[in-house]
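J.: Predicted structure and sequence below. I'll ask about it afterward.
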Amino acid sequence: TDHIAAFCGIGYYNTVWYKYQGTEGNDKFDDNQILRLEFDSFKETLILFIDNVQQPVYLSGIKKKVRFIVHLAPLGN
């Protein structure tokens, strides 16, 4: 839907998806990496960190409630 965004790892062409549009620019995460999302309600941003490195493509303008859903699957499933 228009209110879902995704950060994607290995196996996806684009690393960030929002409103059916893919954007490149972030590293693709893989097994055994530490992922962290940082939501700042004052700045209205959601930023992805991979192994404590901030990724350049992030989401902004988030004015409503946020829910986090995590989906992890082995490559090829």
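T.: Perfect, I can see it now.
J.: ok, residues contacting stretch 35-51?
T.: Residues outside stretch 35-51 that contact it (CB atoms under 8 Å, 6 or more residues apart in numbering): 5, 7, 26-27, 29, 33-34, 52, 54-55, 58-63, 66, 68. For glycine as for every other residue, the C-beta is placed from the backbone atoms N, C-alpha and C.
J.: Just the buried subset of the residues you listed, please.
T.: Buried subset of the contacts of stretch 35-51 (neighbour count, 16 or more other CB atoms under 10 Å): 7, 26, 29, 55, 58-59, 62.
J.: Could you verify my assumption that Y13 touches K28?
T.: No: with contact defined as CB atoms under 8 Å, Y13 does not count as touching K28 (9.7 Å).
J.: Those two: which has the busier surroundings?
T.: K28 (16 against 8; other CB atoms under 10 Å).
J.: Extract the CA atoms of stretch 37-51 and return them as CSV.
T.: Output in CSV follows, covering the C-alpha atoms of stretch 37-51 (Å, rounded to 0.1, in the frame of the first residue of the first chain):
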residue,chain,number,x,y,z
LEU,A,37,16.5,1.3,12.5
GLU,A,38,16.5,4.7,14.1
PHE,A,39,13.1,6.5,14.1
ASP,A,40,13.2,10.2,15.0
SER,A,41,9.6,11.5,15.5
PHE,A,42,10.8,15.1,15.8
LYS,A,43,12.8,15.0,12.5
GLU,A,44,10.2,12.6,11.0
THR,A,45,12.9,10.3,9.7
LEU,A,46,13.6,6.6,9.6
ILE,A,47,17.3,5.7,9.0
LEU,A,48,18.8,2.3,8.5
PHE,A,49,22.2,1.4,9.9
ILE,A,50,24.1,-1.7,8.8
ASP,A,51,26.9,-2.8,11.1
